[in-house]
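A.B. asks: Generate a structure from the sequence data that follows.
(one chain, ligands or ions: 2)
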Amino acid sequence: MTLSPTRDSEVTPGGPAAARIGLEARAASSTPVTDREWWRTAAIFQVYVRSFADGNGDGIGDLAGVRSRLGYLASLGIDAIWFTPWYRSPLADGGYDVEDYRAIHPDFGTVAEAEALISEAAALGIRTIVDVVPNHVSDQHAWFREALASEPGSDARARFWFRDGKGPNGDLPPGNWPSSFSGSTWTRTMNPDGTPGQWYLHLFTPEQPDLNWDHPDVRREHEDVLRFWFDRGVAGVRIDSAALVAKDPELPEIDGEYAAGQHPNLDRDDLHEIYRGWRTIAEDYSGVLVGEIWLADLKRFALYLRPDEIHMAFNFDFMSRPWGADGFRAAITETLAAHEPVGAPATWVLSNHDVTRPVTRFGRADSAFAFDAKRFGTPSDLVVGARRARAAAMLVAALPGALYVYQGDELGLPEVEDIPLDRLEDPMHFRSGGVDPGRDGCRVPIPWTNDAANAGFSPDGTDAAPWLPQPADWARYSVTAQQDDPTSTLTLYRRMLELRRGDDLQHGAFAWQDDTSDVIAFRRGALLHLTNCGTTNVPLPDDADVVLASGPLTDHTLPADTSVWLAVHSV
Ligand code: GLC
Ligand code: CA
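C.D. replies: Numbers count the residues shown, from 1 in each chain. Ligands and ions are numbered 1, 2, ... in the order given. Okay, the predicted model is just below:
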């Protein structure tokens, strides 16, 4: 791991300092699986199934691969796994185009294997969260095929948004809503006799027709799907694109300002009633709902987190901020303030399967994340990026609330930016006319070992090419390359997650220590967290012992781009 900084001998992780202040962790196996409130402080690991581990040697990640790596996940010290969609799907959008919610994608396995996985993980103290996509289904879903085979105006079409086209021959789209994936949001259908037919709405790709949530079947079906997976033992559901689901039935053009809750397709007031219904079902199973909610207005965001709605939602405000003390501090303050009135925990997210890997992002001159800013050839200093990604990991792990870790971030993987163009699969790339590199670069199969073919992504002795090519030097980030190295990013994550299970980071009161300088400083109980976002070394306080640091400390100072956890003497 040449990209990772080394810690100097001054830093002795754990030991007496950690024990004295109650940081010393519970053993991973003692996860209180009966604690209904587990999710409030959980560390949740995101598995992108297709790229996590291949169990049968075809180069595609699968449930057998995940099952074979449960020991690894337990050793990381996580509380739950969130699986991106693992259902039967044509994979036009990486599985967010669901053909059948009650079937596992045949490349990944079977429902019986999913059940086995859920219970094997539970035996290790790890809960399972599945991903449900209420905004749309695949164009191969039985409902959409039925709709295409049915007449305009039929009930089968009313589950979606079918409209006649504009213009004399109906050959102009019915509207001009922008797509989350660029390009048009309307696609024309073909009638069974081969003549051009009606159009249908899709906020994402044409392979993802939007559902009409005013239709009772749509609501009932999703509620059944929730029960189907809760009955199979899952502990929670991630709700995809949760703020886009309800539409103004007139589908008016989007022009100008809207009163809160009245935008034609974003954050509509009607959504709250839908998620209250989901909450009732979740409560029957003590399940938890996690919303994917991209909203700039944190007050509106928090409305979804009221006690009878969604339990928690991803914090994209923090994730979108560039490296820097003022922005991070503002995001933390605003996030905690927005969550407090509704009693929901904040969540902390550095990345996921949709965004640039932190190592690459934080090494860029502009390290903010924005979908519309992604471009090929943006330079990144990966040495700086790796240092900052480690420091940021400790920062988010120290904040109150739930923590999300995307697979591979614990290995310090960079974004893969040189995937051959003819191997890219992400529709975001193609729909941008090739301008946006897309999201494949953070979805490259995980390196497990340093000697085997495919960096051990597939089982020993199989040399199938992974579905997305791995860089030639990928093995140096592998788990085996890192697991015994005290300076590796994997070792840092393990120790960090272990310490995070201690009392201070689970329950310690949060208090800012300083709100002006380049050093982010706050207390969690008897733990003092510091992140140096400036450019010069900063002296560490004398009355505190180092518990863990994200990089080398020199002469009792905290270098730039480094975080440290300190045990404070005078509590
Ligand atoms: C969410 C998912 C993303 C997907 C989109 C459409 O944003 O995280 O991967 O493409 O929804 O379902
Ligand atoms: Ca496989």
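A.B. asks: Show me which residues of stretch 183-200 are buried.
C.D. replies: Applying a neighbour-count criterion of 16 or more other CB atoms under 10 Å, one finds 183-189, 197-200 buried in stretch 183-200. Using the backbone N, CA and C atoms, a C-beta is placed for each residue, glycine as well.
A.B. asks: Need the max-distance pair from these.
C.D. replies: Largest separation among those by CB to CB: Gly183 and Gly197, giving 20.1 Å.
A.B. asks: Of the buried residues of stretch 183-200, just say which sits nearest to ligand 1.
C.D. replies: Thr185 (12.8 Å; CB to the nearest ligand atom).
A.B. asks: how near is the closest one to ligand 2?
C.D. replies: 34 Å (CB to the ion, to the nearest Å).
A.B. asks: Please apply the same query to Pro539.
C.D. replies: Between Pro539 and ligand 2 the computed distance is 52 Å (CB to the ion).
A.B. asks: Spell out which residues of the protein are next to ligand 2.
C.D. replies: By the rule CB under 5 Å from the ion, the part of the chain lying against ligand 2 is 54, 56, 58, 60, 62.
A.B. asks: let's see it at 6 Å
C.D. replies: With the criterion set to CB under 6 Å from the ion, the chain comes near ligand 2 through 54-56, 58, 60, 62.
A.B. asks: Report pLDDT for His569.
C.D. replies: Here, the pLDDT recorded for His569 equals 86.
A.B. asks: Please list only the buried members of the residues of the chain next to ligand 2.
C.D. replies: Neighbour-count burial (16+ other CB under 10 Å) is assigned, among the residues of the chain next to ligand 2, to 54-56, 60, 62.
A.B. asks: can you list those in CSV and add secondary structure and pLDDT?
C.D. replies: Output for those, formatted as CSV (DSSP: H, G, I helix; E, B strand; the rest coil; pLDDT from 0 to 100):
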residue, secondary structure, pLDDT
Asp54, coil, 98
Gly55, coil, 98
Asn56, coil, 97
Ile60, coil, 98
Asp62, coil, 98
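A.B. asks: Which ones among those residues also lie next to ligand 1?
C.D. replies: Among those, no residue is within reach of ligand 1 (CB under 6 Å from any ligand atom).
A.B. asks: Among these, which pair sits farthest apart?
C.D. replies: So, those by CB to CB: farthest apart are Gly55 and Ile60, at 9.6 Å.
A.B. asks: got the residue ranges for the helices in the stretch 1-150 of the chain?
C.D. replies: 15-20, 49-52, 63-68, 70-76, 111-123, 142-149 (DSSP state H, counting those that start in this stretch).
A.B. asks: so of these, which one's packed in deepest?
C.D. replies: helix 49-52 (a mean of 26; mean count of other CB atoms under 10 Å).
A.B. asks: Any chance of CSV for the helices of the stretch 1-150 of the chain, columns mean pLDDT?
C.D. replies: Listed next are the helices of the stretch 1-150 of the chain as CSV, based on pLDDT from 0 to 100:
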stretch, mean pLDDT
helix 15-20, 52
helix 49-52, 98
helix 63-68, 98
helix 70-76, 98
helix 111-123, 98
helix 142-149, 98
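A.B. asks: mind putting the ones you listed in TSV, distance to Gly94 included?
C.D. replies: Formatted as TSV, these follow (distance: least, CB to CB, whole Å):
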stretch	distance to Gly94
helix 15-20	40
helix 49-52	7
helix 63-68	16
helix 70-76	21
helix 111-123	18
helix 142-149	18
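A.B. asks: among those helices, which is nearest ligand 1?
C.D. replies: helix 49-52 (12.0 Å).
A.B. asks: Mind checking if that closest one is in reach of ligand 1?
C.D. replies: No: using CB under 6 Å from any ligand atom, helix 49-52 stays clear of ligand 1, coming no nearer than 12.0 Å.
A.B. asks: Whichever strand or helix holds Arg157: what's the following helix or strand?
C.D. replies: Per DSSP states H and E, Arg157 falls inside helix 155-158. Later in the chain than helix 155-158, the nearest helix or strand by DSSP H and E is strand 162-163.
A.B. asks: now the helix or strand following that next one against helix 142-149, angle please.
C.D. replies: Tracing the chain past strand 162-163, the next element assigned as helix or strand by DSSP H and E is strand 186-190. Strand 186-190 runs at 60 degrees relative to helix 142-149, counting by axes from the mean of the first three to the mean of the last three CA atoms, to 10 degrees.
A.B. asks: who's in contact with strand 186-190?
C.D. replies: By CB atoms under 8 Å, 6 or more residues apart in numbering, the surrounding residues in contact with strand 186-190 are 148, 162-163, 165, 171, 173-175, 196-202, 206.
A.B. asks: can you rerun that using 6 Å?
C.D. replies: Under the criterion CB atoms under 6 Å, 6 or more residues apart in numbering, residues 148, 173-174, 196-199, 206 lie in contact with strand 186-190.
A.B. asks: just stretch 379-394 next, same as before
C.D. replies: Residues outside stretch 379-394 that contact it (CB under 6 Å, 6+ apart): 3, 5, 323, 350, 358-360, 362-364, 412, 414, 492, 496, 531, 550-551, 561-563.
A.B. asks: Quick check: whichever residue of the stretch 201-350 of the chain sits closest to ligand 2 vs Ile118, distance?
C.D. replies: Nearest residue of the stretch 201-350 of the chain to ligand 2, counting by CB to the ion: Arg232, 21.3 Å away. According to CB to CB, to the nearest Å, Arg232 stands 6 Å off from Ile118.
A.B. asks: which residues do those two both contact?
C.D. replies: With CB under 6 Å, 6+ apart, Arg232 and Ile118 have no common neighbours.
A.B. asks: is stretch 244-254 anywhere near ligand 1?
C.D. replies: No: shown here: stretch 244-254 not in contact with ligand 1 (CB under 6 Å from any ligand atom), separated by at least 8.5 Å.
A.B. asks: Could you list the buried residues of that stretch?
C.D. replies: For stretch 244-254, by 16+ other CB under 10 Å, it's 244-247, 251.
A.B. asks: same deal with stretch 80-94?
C.D. replies: Neighbour-count burial for stretch 80-94, with 16+ other CB under 10 Å as criterion, is recorded at 80-89, 91-94.
A.B. asks: Can you show me the CA trace of that stretch as CSV?
C.D. replies: In CSV, the C-alpha atoms belonging to stretch 80-94 read as follows (Å, rounded to 0.1, in the frame of the first residue of the first chain):
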residue,chain,number,x,y,z
ALA,A,80,-25.6,-4.3,8.8
ILE,A,81,-25.2,-4.7,5.0
TRP,A,82,-27.2,-2.8,2.5
PHE,A,83,-27.4,-4.7,-0.8
THR,A,84,-28.0,-2.7,-3.9
PRO,A,85,-30.8,-4.3,-6.0
TRP,A,86,-30.2,-8.0,-6.3
TYR,A,87,-33.5,-8.8,-8.1
ARG,A,88,-34.1,-10.2,-11.6
SER,A,89,-33.3,-7.4,-14.0
PRO,A,90,-32.0,-6.7,-17.5
LEU,A,91,-29.4,-4.5,-15.7
ALA,A,92,-30.0,-1.5,-17.9
ASP,A,93,-29.2,0.6,-14.8
GLY,A,94,-27.2,-1.8,-12.7
